[in-house]
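Asker: Please find the sequence and the predicted model below.
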Protein chains: 2
Amino acid sequence: MDLIDIRELYRNKDQYIGKEVQVGGWVRSIRDSKTFGFIVVNDGTYFETLQIVYHDALENFAAISKLNVGSAIIVKGKLVATPEAKQPFEIQAKEVQIEGTSTSDYPLQKKRHTLEYLRTMTHLRPRTNTFQAVFRVRSLIAYAIHQYFQERDFVYVHTPIITGSDCEGAGEMFRVTTLDLNNLPLTKEGKVDTTQDFFGKETNLTVSGQLNGETYAMAFKNIYTFGPTFRAENSNTTRHAAEFWMIEPEIAFADLKDDMALAEGMLKYIINYVLEHAPEEMKFFNQFIDQGLLERLQVVANSEFGHVTYTEAIEILEKNNDNFDYKVSWGCDLQTEHERYLTEQVFKKPVFVTDYPKEIKAFYMKLNEDNKTVAAMDLLVPGIGEIIGGSQREDDYDKLLKRMEELGLKKEDYDFYLDLRKYGSARHAGFGLGFERCVMYLTGMGNIRDVVPFPRTVNNCDL
Amino acid sequence: MDLIDIRELYRNKDQYIGKEVQVGGWVRSIRDSKTFGFIVVNDGTYFETLQIVYHDALENFAAISKLNVGSAIIVKGKLVATPEAKQPFEIQAKEVQIEGTSTSDYPLQKKRHTLEYLRTMTHLRPRTNTFQAVFRVRSLIAYAIHQYFQERDFVYVHTPIITGSDCEGAGEMFRVTTLDLNNLPLTKEGKVDTTQDFFGKETNLTVSGQLNGETYAMAFKNIYTFGPTFRAENSNTTRHAAEFWMIEPEIAFADLKDDMALAEGMLKYIINYVLEHAPEEMKFFNQFIDQGLLERLQVVANSEFGHVTYTEAIEILEKNNDNFDYKVSWGCDLQTEHERYLTEQVFKKPVFVTDYPKEIKAFYMKLNEDNKTVAAMDLLVPGIGEIIGGSQREDDYDKLLKRMEELGLKKEDYDFYLDLRKYGSARHAGFGLGFERCVMYLTGMGNIRDVVPFPRTVNNCDL
């Protein structure tokens, strides 16, 4: 007899009630009296648990009653409706096989643990309610993103993880090498001889797949990446990890307006997908992690996002300068306090800020006609601030080259990128969504370490 | 007026024929006479091209006629059915905007290029027919895999890329470091002081997410990974890359039989998905890359896979030893020639070989009752040999520890892994599918460098 997922029992309960079923799962709690007992089981397929009733008619009644929390069991019995109880049904056990016992020192006893404590056991924490919810929702968000782009015929491109270039100098990088650090080959000048390394040169972990992605957008029109990226920044905050996943779509024959429409559509799609596919988990977050989460997400899913230029935004913010830690003026970068003020107090919904000063944005962004600003956009959302950053790309060969020269970038490092402006250049745009930030946003979790299965931060690389 | 994807014109042509449409794309070829001309355009959304007819009534007729291959244009005009022609319709242009010109030295002129030559320009090759087909199919396979597992409520887990452990010692690893190689901090003993590295210890790029994945299977029951993995092997073959993607599902309360059913279902699902969603591309491969491809895939999709134990397979192979370069005997690993003989000559369909000698398999595989073999499986397919490898995992604490000791593995490196056998151990199994090998198999492409957007191999890390 095959095992049935607990999710399937809940999904199609009418089909199973009154029938004999068999489930396997882990004991969440167990209590017994002399002649019968109750076991609450979770099998990981569904957020809700399943109650098992067992009686002393079972030959292993004593052994069952001695089980510790965390034990794995396989239960066969009739699924019975329980209209009077909190749960819709329970199993009256005809057989309880002990698949694997647990010990009394099992770290996840019934009492609540802090998230900090659970971080010390990344291999066990997915068995708790909070992390069951987080990591199922993480999985659903990932799939929703794929579905959104694939339904629109975007091509998923695996941009490289190991790279010989440093993209836009976007951040500190991790070096990748096969050289023996205790026995490095040296050049005549006494420097490390990188020509003897695996790739014959210095290589690093990627900080962004965007430039590679652009080469594919100029072939497939619409593409997206979804892969890990890295920052070797020595920052110990609740929002930075050394290893994180990023989504970077890129669309050709498209401008900043198209780019914003794509971003808005994606965010709404993800929210609706998760609300539909993980209602129990989302209710849990709303109740225990972040009250107001559901309402905030509903607002985002149902509002038409606002639009404001950076210059207009600065005018608005300057009027409120007295209340900011960092005073704003034209030319400065926006801090989270400014972003949240705009989206939460002024617009009261998500808002795109566009057309930033070129000095505070990357070299590849398209210069506007004012020669001062670039066709960039940041999407700000209530409760968090910036969640997406993007831009139309400079598609004019000469302007791009000039900007690179101004910034001291070496032409030979970007020949491939310039080629895209030489052979059939077309207006194009894209954006980046930090996946973990998106998961935090949708779950209300406050620390990036709690939305990554095995987080990598300074001095922390467990498992 | 918005641009319409060429795919959309083909998909819903009845809706567009006779109407004015606007498309953007790149010139594949152009020919003109004095008063009119034809442009063949591809916009990357569809394998087929679109023909544009333009006349000298257009004010920029001369400029259009001078366009080089590779130029980007935006065309507005009526979509007209062409029942007499090869293509179903064409656009009679009312307007041809030149979005971006190309130069006469554009490397992708109409004539055919070798795959080797195209490898020297990874940023342009996706614009050719072959690579349009390869990388769209790659994207579709990736999505099919996600869909297969998500439809079955598997949780997608991002296992870490940077790791402090070396898993099963599965291969040569890349070191990840932020230390300055030209100025390494040293310990008193004169060795590199890894405590000063970013993570406070030596770290490497992952070779497999399996062990991490198992920790999540013991919480969610059914999980899968899909991410990049790395091998720093100095091998220059058509089938090895230093960076490649891998899919590793893991299922709890499941044995080797369940594992094989999952693998068989997945492979059939992928094939059917690609045949349905990329018929033009698959026809192209069948015609120009690998004749017989479609028939071979149809056989796989429609056959019930065979099953044979390693011991039985050896008996079969020994009878044919005269024809093998490597002679087989019980205890030896199977070579590709043996695998292909089994699946192509003996079974004439995909076949699972199971229960290998423990000595040639990894430490974590479940020991069979004979104490000699383990519950492992390799899936062999016609035309390629092994495509999937998996096993049931040892779920008995003592047996696992004993095997680790026999192999000299340090217990403290695997405490988390042993915990899974201590706290509610459950039978579980999983497998690994090399994504690039899967793409090669479905496209007929013979070199891994031609199915990875930006391949990384020894001495090669372009872009």
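Answerer: Sure, I can see it.

Asker: CA atoms for contacts and neighbours, from now on please.
Answerer: OK.

Asker: residue contacts, A:Gln22?
Answerer: Counting by Cα atoms under 8 Å, 6 or more residues apart in numbering or on different chains, A:Gln22 touches A:Met1, A:Asp2, A:Leu3, A:Ile4, A:Ile74, A:Val75, A:Lys76, A:Gly77.

Asker: Secondary structure element holding the residue nearest to it when sequence neighbours are not counted?
Answerer: Once flanking residues are discounted, A:Gln22 sits nearest to A:Lys76: 4.3 Å by Cα to Cα, 6 or more residues apart in numbering or on different chains. Taking DSSP states H and E as the criterion, A:Lys76 maps to strand A:72-81.

Asker: show me the residues around A:Met282 that make contact.
Answerer: Residues near A:Met282 by Cα under 8 Å, 6+ apart: A:Ala133, A:Val274, A:Leu275, A:Leu294, A:Thr443.

Asker: Please work out how many residues are found near the first one.
Answerer: Neighbourhood size, A:Ala133 [other Cα atoms under 10 Å in any protein chain shown]: 23.

Asker: Same question for the fourth one.
Answerer: Here the count is done by other Cα under 10 Å, and A:Leu294 has 20 residues near it.

Asker: Over to the third one?
Answerer: Other residues near A:Leu275 come to 19 when the count uses other Cα under 10 Å.

Asker: separation between the closest residue to it other than its chain neighbours and A:Ala144?
Answerer: With Cα to Cα, 6+ apart as the criterion, A:Leu275 has its nearest non-adjacent residue at 6.8 Å, and that residue is A:Met282. Between A:Met282 and A:Ala144 the distance is 15 Å, computed by Cα to Cα, to the nearest Å.

Asker: repeat for A:Val351
Answerer: For A:Val351, the distance to A:Ala144 (Cα to Cα) stands at 22 Å.

Asker: next one: A:Ile64
Answerer: Distance of A:Ile64 to A:Ala144, computed by Cα to Cα: 41 Å.

Asker: how about A:Thr229, what does it touch?
Answerer: With contacts defined as Cα under 8 Å, 6+ apart, A:Thr229 is in contact with A:Ile161, A:Leu205, A:Thr206, A:Val207, A:Ser208, A:Glu243, A:Phe244, A:Trp245, A:Met246.

Asker: So the fourth one sits against A:Arg231, correct?
Answerer: Think A:Val207. Yes - judged on Cα atoms under 8 Å, A:Val207 makes contact with A:Arg231 at a distance of 6.4 Å.

Asker: For the closest residue to chain B within the stretch 251-400 of chain A, which non-adjacent residue is spatially closest?
Answerer: Going by Cα to the nearest Cα, chain B is nearest to A:Phe253 of the stretch 251-400 of chain A, at 6.5 Å. Spatial nearest neighbour of A:Phe253, excluding adjacent residues (Cα to Cα, 6+ apart): A:Arg427 at 5.1 Å.

Asker: what's the pLDDT at that neighbour?
Answerer: pLDDT, A:Arg427: 98.

Asker: do the same with A:Tyr46
Answerer: pLDDT for A:Tyr46: 98.

Asker: Across the sheet, point out what pairs with A:Glu243.
Answerer: Judged by DSSP bridges, the bridge partners of A:Glu243 are A:Phe230.

Asker: quick one, what contacts the residue lying closest to A:Met445 once chain neighbours are set aside?
Answerer: Excluding the flanking residues, the one nearest A:Met445 by Cα to Cα, 6+ apart is A:Ile289, at 6.7 Å. When contacts are counted by Cα under 8 Å, 6+ apart, A:Ile289 touches A:Thr443, A:Gly444, A:Met445.

Asker: Quick check: residues of the stretch 351-463 of chain A near chain B?
Answerer: The stretch 351-463 of chain A comes close to chain B at residues A:416, A:421-427, A:452-463, as judged by Cα under 8 Å from any Cα of the partner chain.

Asker: Keep only those of these that are in helices.
Answerer: Residues from those lying in helices, with DSSP state H as the criterion: A:Phe416.

Asker: Drop anything exposed from the residues of the stretch 351-463 of chain A next to chain B.
Answerer: Burial by neighbour count, judged by 16 or more other Cα atoms under 10 Å in any protein chain shown, picks out A:416, A:421-427, A:452-458, A:461-463 from these.

Asker: Chain A: helices as residue ranges?
Answerer: Counting by DSSP H, residue ranges of the helices within chain A are A:6-11, A:13-16, A:61-65, A:115-119, A:129-151, A:210-220, A:256-277, A:279-284, A:293-302, A:310-318, A:336-340, A:397-406, A:415-419, A:435-443.

Asker: got the contact list for the longest one?
Answerer: With contact meaning Cα under 8 Å, 6+ apart, helix A:129-151 is reached by A:44, A:47, A:125-126, A:155-156, A:224, A:266, A:269-270, A:273-274, A:277-278, A:281-282, A:284-285, A:439, A:443, A:450-451, A:453, B:143, B:146, B:150, B:155-157, B:219-220.

Asker: The residue sitting furthest away from the middle of chain A and A:Ala93, how far apart?
Answerer: Note on chain A: the largest C-alpha distance from the chain mean falls to A:Ala57, namely 48.8 Å (Cα atoms, centre = their mean). To A:Ala93, A:Ala57 is 10 Å away according to Cα to Cα.

Asker: ok, now A:Ser165?
Answerer: Distance, A:Ser165 to A:Ala93, by Cα to Cα: 62 Å.

Asker: what about those two, which has more around it?
Answerer: A:Ala93 (21 against 18).

Asker: can you pull out the strands in the stretch 301-450 of chain A?
Answerer: For the stretch 301-450 of chain A, the strands defined by DSSP state E, counting those that start in this stretch cover A:306-309, A:351-357, A:373-381, A:385-392, A:428-434.
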